[in-house]
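Asker: Output the structure for:
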Amino acid sequence: MNTFIVCIIFISIALFFLPFRTVKEGNVAVVTLFGRYRRVLKPGLNWLWPWEFTTMLSMQSQVVDMEFHAITKDQANVEFNCTLLFEVANIENDTVRRAMFSFANTTAFMLSMRRLVEDETRSYAAGKRQAELIGMSQEVVTLIRQNVEVRLAEWGYRIIELRYHNLSFDKQVMDSMTRVVAAINEREAAEHEGQALLIRKTKNAEANGAFIAINAEAERVALKLRGQGLAEFRREVASGVHDAVEELTSAGVDPNYLLFFMYTESLKHIAENSKAGSTIFVNTHPSMPKDIMENMATFYRNTGVSQESTTVGGVI
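Answerer: Numbers count the residues shown, from 1 in each chain. So this is what the prediction gives:
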């Protein structure tokens with residue numbers, strides 16, 4: 001009797017605990033009855049009939065890295081490397097059912113998804129030249145993602161992120177691209193060097209022009225000042241001669257002696273300051289001083305003065 005009671009208790013406890021199933025966070029349990037879909041169990045403790053079976057489906061994000069090659073419009077081989085981040089679209093029954101039963105297993109689903117991304121990328125690359133693929137923009141990635149996401153939505157999944165992070169070409173193509181880039185860089189460097197040279201030449205020309213202008217202005221001012229000084233000197237000389245003549249006249253001395261004195265002083269100055277070492281010959285004839293004074297008086301005589309005045313005093 002006691003054994004029977006123990007068996008009844010054991011069976012009751014088993015029947016009580018067997019219908020409950022625990023679903024881990026980030027997963028859902030798909031319930032089937034005799035192979036037919038019934039419902040979805042959310043994370044936590046769920047009640048289950050003993051004759052029902054469950055299959056776990058991850059709701060967490062999954063990532064797959066893909067490498068494949070394509071041929072461009074100009075027959076260049078391109079190696080693509082991209083990363084696809086995806087997950088089940090939502091927890092609704094219809095979505096989970098499609099994600100669970102669209103493919104026989106996970107391997108078939110991953111293969112189909114890989115082929116879908118490859119086909120979309122190859123279709124895009126086939127209509128572009130290799131130079132256009134180098135600058136593959138985010139708009140193109142968005143376009144490919146939209147086409148892929150339409151098919152994934154039919155399978156109950158959605159794309160979180162699609163990123164192309166490596167594009168490589170054949171060695172011959174890479175070498176030619178390197179030469180092109182080097183040529184472009186050399187051309188830009190030459191343009192910048194030419195502009196720098198033009199700027200330097202322009203600045204030098206402007207500096208030279210400014211220097212010439214400043215120098216010319218300085219020479220003009222110097223010549224003006226030199227002329228003013230020379231004119232002032234001549235005025236002082238004329239004034240001095242005039243005063244000397246007046247003093248000689250007032251003293252009763254022939255003013256022509258002043259001319260003779262100026263003549264001898266000039267000879268003395270030439271003899272003292274000459275560096276050539278030349279010999280000065282002076283005519284010592286007794287009539288020579290008179291002739292010199294007369295010649296100098298004639299030279300200094302003003303044509304506007306009366307012809308009767310033959311002295312320097314009359315000229316001045």
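Asker: Output the contacting helices and strands for the helix or strand where residue 240 lies.
Answerer: When elements are assigned from DSSP states H and E, residue 240 belongs to helix 171-250. When contacts are defined as 3 or more Cβ pairs under 8 Å, 6 or more residues apart in numbering; DSSP states H and E, helix 171-250 packs onto helix 256-273, helix 312-315. No exception for glycine: its C-beta is placed from N, CA and C like everyone else's.
Asker: now the residue lying closest to residue 109 once chain neighbours are set aside, what's its secondary structure?
Answerer: Take residue 109 and drop its neighbours on the chain: the residue closest to it by Cβ to Cβ, 6 or more residues apart in numbering is residue 103, 4.2 Å away. When classified by DSSP: H, G, I helix; E, B strand; the rest coil, residue 103 comes out as coil.
Asker: where are the low-confidence patches of the stretch 151-300 of the chain?
Answerer: Screening the stretch 151-300 of the chain residue by residue with the criterion pLDDT under 70, one finds the ranges 169-170, 172-175, 177, 253-260, 276-280, 282-286, 289, 293, 296-297, 299-300.
Asker: one more time with 90
Answerer: Across the stretch 151-300 of the chain, residues meeting the criterion (pLDDT under 90) sit at 151-154, 159-198, 200-300.
Asker: what's the answer for the stretch 1-150 of the chain, then?
Answerer: Confidence mapping of the stretch 1-150 of the chain against pLDDT under 90 gives the ranges 1-62, 64-85, 89-107, 109-110, 113-114, 117-150.
Asker: All the strands of it, in order from the start?
Answerer: Shown for the stretch 1-150 of the chain, the strands assigned by DSSP state E, counting those that start in this stretch span residues 20-23, 27-33, 36-41, 44-47, 53-58, 62-71, 77-88.
Asker: Pipe those strands into CSV and attach mean neighbour count per row.
Answerer: Listed next are these as CSV, based on neighbours: other Cβ atoms under 10 Å:
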stretch, mean neighbour count
strand 20-23, 13
strand 27-33, 18
strand 36-41, 16
strand 44-47, 12
strand 53-58, 14
strand 62-71, 14
strand 77-88, 18
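Asker: nearest to residue 218, of the ones you listed?
Answerer: Nearest to residue 218 among the strands of the stretch 1-150 of the chain is strand 77-88 (71.1 Å), distances taken as Cβ to Cβ.
Asker: counting contacts, what elements does that closest one pack onto?
Answerer: Using 3+ Cβ pairs under 8 Å, 6+ apart, the elements in contact with strand 77-88 are strand 62-71, helix 93-101, helix 106-126, strand 157-169.
Asker: go with 6 Å
Answerer: Under the contact criterion of 3 or more Cβ pairs under 6 Å, 6 or more residues apart in numbering; DSSP states H and E, the helices and strands touching strand 77-88 comprise strand 62-71, strand 157-169.
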